[in-house]
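# predicted model and sequence below, questions to follow.
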Amino acid sequence: SIPLGYFAGLGAASRRGVLVKGAEYLDRLASLSGLAFDKTGTLTKGVFEVRRVRVSEGFSEDGVIRMAAEAEAMSSHPIARAILSYAEGGGISPGSREEQERTEHRGMGITLKEQDRSIAVGNGRLMEDLGIQVPQDGLGGTVVYVALDGRYAGVLEIDDEVKPGTWDHIQDLKRAGVSRMTMVTGDREEPAVRMARDLGITGVRHSLLPEDKVSVLEGFMQEDRGTSGFIGDGINDAPVLARADVGIAMGGLGSDAAIEAADVVLMSDSLGALGDGIRIGRQTRRIIL
Ligand code: ADP
Ligand code: MG
């Protein structure tokens, strides 16, 4: 049976916006020693903005943006939303044709087949899989390549901002006893490493496919030997949330699947609440033992 004090602890946590789905998870929060972070939507706002567009010879900027927007038209990925709003801001409306076949490649991008042409929009891995050569030098931030009929057409450089307060929240988690931290992301090396360094997160695993994240977390858990958590917004993260000793989901931005798979949900969508959750877990233990 669950000691009565745990109910008080769960209640206190929920008043701080930390929903803990059971006494054992409050206990695991109290001993959390390692934490793996998803990047997009967890450390960052999850709201991308197009900063720069570069085109290959023979292509216009508007043409490249229109192709990207057409491919992304049905996607709810934060990158798709950024491209669509950028196109809209430039007065570019993606034409909708009758015969279209879109495929979303999770953690890579989108391909669109039309009667007379094919468009691919996504990262370097997608282009590599499709055998399309793309430039790699001098690109900043997260990059989205656009290709037409198997040929590189242009690239969009996009950026996502770190949520305000994230640096402080990470310091707070370290003080609360989380001594090992790592970032796991599908994004490429350069923006991932830079962001982790700026935030004081010492480990980085980048360029991961959604299905890679589970085995990366398992490796992290083995090294940790303590209690390991994973925190994510749930876009493609549900299996990792379920695998962690404590799966922590962002409640606001987070998907229903994430909230379902998680053991702890941060209603405020802010990492700041997690430190409170850990401290409440500790106090609860002290009262009970
Ligand atoms: P994260 O691990 O940062 O949460 P995802 O697994 O959702 O990111 O995506 C990883 C990478 O895959 C993105 O950084 C991007 O390069 C690419 N990608 C995913 N979905 C799309 C899309 N709809 N359009 C373009 N690129 C995409
Ligand atoms: Mg994500």
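Nice, I can see it. Ligands and ions are numbered 1, 2, ... in the order given.

# pLDDT on the helix or strand hosting Glu190, on average?
According to DSSP states H and E, Glu190 maps onto helix 189-199. The predicted model assigns helix 189-199 a mean pLDDT of 94.

# and stretch 154-166, by the same measure?
For stretch 154-166, the per-residue pLDDT averages 94.

# only C-alpha atoms, please: export it in CSV.
Extracted as CSV, the C-alpha positions of stretch 154-166 are listed here (Å, rounded to 0.1, in the frame of the first residue of the first chain):
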residue,chain,number,x,y,z
GLY,A,154,18.0,25.5,-52.9
VAL,A,155,18.3,25.5,-49.1
LEU,A,156,16.4,27.3,-46.3
GLU,A,157,18.3,28.1,-43.1
ILE,A,158,15.9,28.2,-40.2
ASP,A,159,16.3,28.9,-36.5
ASP,A,160,14.5,28.1,-33.3
GLU,A,161,15.1,30.0,-30.1
VAL,A,162,16.0,28.7,-26.7
LYS,A,163,13.1,29.2,-24.3
PRO,A,164,13.7,32.1,-21.9
GLY,A,165,15.0,30.9,-18.6
THR,A,166,16.3,27.5,-19.9
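
# what separates it from the chain centre, distance-wise?
Centre-to-centre, stretch 154-166 and its host chain are 12 Å apart (CA atoms, centre = their mean, to the nearest Å).

# next one: stretch 57-75
Mean-position distance between stretch 57-75 and its chain equals 24 Å (CA atoms, centre = their mean).

# could you report the pLDDT at Glu98?
Glu98 is given a pLDDT of 72.

# also Ile83?
97.

# in a strand, that's where it is, yeah?
No - when classified by DSSP: H, G, I helix; E, B strand; the rest coil, Ile83 is found to be helix rather than part of a strand.

# what about it, neighbour count?
28 (other CB atoms under 10 Å). Bear in mind the C-beta positions are built from the backbone N, C-alpha and C, glycine included.
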